[in-house]
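Novice: I'll drop the sequence and a predicted model, then ask my questions.
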Amino acid sequence: MSATPSELIAPTRDEIRQAPKVLLHDHLDGGLRPATIIELAGEIGHELPVQDAESLGRWFAEAADSRSLVRYLETFDHTVAVMQTGDALTRVARECVEDLAADGVVYAEVRYAPEQHVSQGLTLDEVVAAVQLGFDEATEAAGGRIVVRQLLTAMRHQARSMEIAHLAVAWRDRGVAGFDIAGAEAGYPPTRHLDAFEYLQRENSHFTIHAGEAFGLPSIWQAIQWCGADRLGHGVRIIDDITVADDGTVTLGGLASYVRDKRIPLEMCPSSNVQTGAADSVAEHPIGLLTDLRFRVTVNTDNRLMSQTSMTDEMAKLVEGFGYTLTDLRWFTINAMKSAFLPFDERLAIIDSVIKPGYAALGESR
Ligand SMILES: O=c1[nH]cnc2c1ncn2[C@H]1C[C@H](O)[C@@H](CO)O1
Ligand SMILES: [Zn+2]
């Protein structure tokens, strides 16, 4: 069978932007517009390293470009500082959805840690409500072009995961689709929060765990085999359990086999991984091999501000690095939608009525 043109021709940036995209791993406090940070900081007297929006955007990218997750995470001090009131949270949430919709994202799960937004007196409940208000306002304004859900994150070095898990369950029918843990990985294994994960499992809830980013296989193994994670945030170090011989023969270890066999979704964030040192470049990112081996790979932004990126940018970089076509981008997108923490019928509806027609309109119809 001869290849169709879309299988041979690299999609243009404009085609990638138009194509429906699904985002499962995006931090609310990692995606603020620089101009918004400056305005909000001015209102509360928070001192920023630089004063104009363009330099601030550059500052975040350069400071995050540290080859160290711990140093990368220090940049969040400034974004979290300006997200301490209901109005600020609602604004940031609204702008996040506006930016994602303008980028052609049709479904997004956006995460943040409610416990980091209570320093000026908001309750955890008020934090979630303020974010939801922003999401609701923006999705309504977008006229149904985008569906957005919250994921509530607990910080792995803190001890509030059980509270946050309860919060996620309490908000499950009001816009919260799941739970996550994030923050410095080395020294803070997922099993530290085992009680929260066991509680969520008993509640039939969904959760993902940042694992296999700044620490290797033991973290992934714990996340899956002890904690029962539905998905892996990054999971890029699963590559350590795969060997490729000189003749090209690939051997999967027990954990890598399990992850692939069980179709455990990998929330891969190429640009972020280059900044934290988890990968040397996007073109050398393990996403290439993992895609070839048909792991359940998804493409994500992680932190649009710190990486100065978008879903279109991440996909464009992968197209450049690996020669991916619209067929591949559609595969990533359907993988992501299948892996969403949304009820099955709603996932299917978006695949059938939004994603497939969207790619077909661009000439990708298989
Ligand atoms: O890539 C990441 N790995 C671990 N933690 C992260 C990453 N990106 C953001 N975070 C942290 C910093 C944020 O303040 C927190 C909640 O979104 O999650
Ligand atoms: Zn992340």
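Specialist: Thanks, I have it. Just so you know, these numbers come straight off a predicted model, no measurement behind them. Ligands and ions are numbered 1, 2, ... in the order given.
Novice: got the residues of this structure near ligand 1?
Specialist: The chain comes close to ligand 1 at residues 27, 29-30, 69, 73, 76, 80, 111-113, 116, 153, 182-183, 210, 213, 272, 302-303, as judged by C-beta under 6 Å from any ligand atom. C-betas here are computed from N, CA, C, even on glycine.
Novice: give the buried subset of those residues as a PyMOL selection command.
Specialist: Of those, the buried ones go into a single PyMOL selection, burial set by 16 or more other C-beta atoms under 10 Å:
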select buried, resi 27+29+30+69+73+76+80+111+112+113+116+153+182+183+210+213+272+302+303
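Novice: which of the residues of the chain next to ligand 1 fall in strands?
Specialist: Using DSSP state E, the members of those that fall within strands are 27, 111-112, 153, 182, 210.
Novice: just the helices in the stretch 51-200 of the chain please.
Specialist: 53-64, 69-74, 76-81, 86-102, 124-141, 161-170, 194-202 (DSSP state H, counting those that start in this stretch).
Novice: what comes up buried for the fifth one?
Specialist: Under the neighbour-count criterion of 16+ other C-beta under 10 Å, helix 124-141 has 124, 126-139 buried.
Novice: just the last one next, same as before
Specialist: Residues 196-197, 199-200 are the ones in helix 194-202 that count as buried (16+ other C-beta under 10 Å).
Novice: send the alpha carbons of that helix over as CSV?
Specialist: Extracted in CSV, the C-alpha atoms of helix 194-202 (Å, rounded to 0.1, in the frame of the first residue of the first chain):
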residue,chain,number,x,y,z
LEU,A,194,1.0,5.4,50.5
ASP,A,195,-2.0,6.0,52.8
ALA,A,196,-3.3,8.7,50.4
PHE,A,197,-3.0,6.4,47.4
GLU,A,198,-4.7,3.5,49.2
TYR,A,199,-7.5,5.9,50.2
LEU,A,200,-7.9,7.0,46.6
GLN,A,201,-8.0,3.4,45.4
ARG,A,202,-10.8,2.6,47.9
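Novice: i'd like the first residue to be 497 from this point on
Specialist: Will do, 497 is the new start, and the previous item becomes helix 690-698.
Novice: go ahead and name everything in contact with that helix.
Specialist: By C-beta atoms under 8 Å, 6 or more residues apart in numbering, the surrounding residues in contact with helix 690-698 are 650, 657-658, 660-662, 664-665, 675, 686, 702-703, 722-725.
Novice: that helix to helix 657-666, inter-axis angle?
Specialist: Orientation check (axes from the mean of the first three to the mean of the last three C-alpha atoms, to 10 degrees): helix 690-698 against helix 657-666 gives 20 degrees.
Novice: now the helices of the stretch 547-696 of the chain in a markdown table, with mean pLDDT?
Specialist: A markdown table is the format used below for the helices of the stretch 547-696 of the chain (pLDDT from 0 to 100):
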| stretch | mean pLDDT |
| --- | --- |
| helix 549-560 | 97 |
| helix 565-570 | 94 |
| helix 572-577 | 98 |
| helix 582-598 | 99 |
| helix 620-637 | 99 |
| helix 657-666 | 98 |
| helix 690-698 | 98 |
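Novice: so who does residue 836 touch?
Specialist: 518, 520, 603, 605, 645, 673, 843.
Novice: again, 10 Å this time
Specialist: Listed by C-beta atoms under 10 Å, 6 or more residues apart in numbering, the contact set of residue 836 reads 518-520, 603-605, 643, 645, 673-674, 702, 727, 761, 794, 842-843, 846-847.
Novice: any idea what the residue in the stretch 597-746 of the chain that ligand 1 sits nearest to is bridged to?
Specialist: Going by C-beta to the nearest ligand atom, ligand 1 is nearest to residue 678 of the stretch 597-746 of the chain, at 3.4 Å. Beta-bridge partners for residue 678, by DSSP bridges, are residue 651.
Novice: okay but it is in contact with residue 522, surely?
Specialist: No - in this structure residue 678 lies outside contact range of residue 522 using C-beta atoms under 10 Å: 12.0 Å.
Novice: need the overlap of contacts for these two.
Specialist: Common neighbours of residue 678 and residue 522 (C-beta under 10 Å, 6+ apart) are 607-608, 647.
Novice: between those residues, which is nearest residue 817?
Specialist: Lowest distance from residue 817 to the shared contacts of residue 678 and residue 522 (C-beta to C-beta) belongs to residue 607, with 26.0 Å.
Novice: excluding its backbone neighbours, what's nearest the closest one?
Specialist: Among residues not flanking residue 607 along the chain, residue 647 sits closest, at 3.8 Å (C-beta to C-beta, 6 or more residues apart in numbering).
Novice: what's the neighbour count on that neighbour?
Specialist: When neighbours are counted by other C-beta atoms under 10 Å, residue 647 registers 25.
Novice: ditto for the one 5 residues further on
Specialist: Using other C-beta under 10 Å as the criterion, residue 652 is surrounded by 23 other residues.
Novice: same check, this time on residue 540
Specialist: 12.
Novice: and it, what pLDDT?
Specialist: At residue 540, the pLDDT value in this model is 98.
Novice: may I have stretch 752-768 as CSV, with CA atoms only?
Specialist: Taking C-alpha atoms only, stretch 752-768 is exported to CSV below (Å, rounded to 0.1, in the frame of the first residue of the first chain):
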residue,chain,number,x,y,z
ALA,A,752,9.5,-1.9,31.4
SER,A,753,7.5,-5.0,30.1
TYR,A,754,4.9,-4.4,32.8
VAL,A,755,4.5,-0.7,31.9
ARG,A,756,4.1,-1.5,28.2
ASP,A,757,1.9,-4.6,28.7
LYS,A,758,-0.4,-2.8,31.0
ARG,A,759,-0.5,0.2,28.7
ILE,A,760,0.4,2.5,31.5
PRO,A,761,0.5,6.0,30.1
LEU,A,762,3.7,7.9,30.1
GLU,A,763,3.2,11.7,30.4
MET,A,764,6.3,12.7,28.6
CYS,A,765,7.5,16.3,28.7
PRO,A,766,10.5,16.6,26.4
SER,A,767,11.5,20.3,26.9
SER,A,768,11.1,20.1,30.6
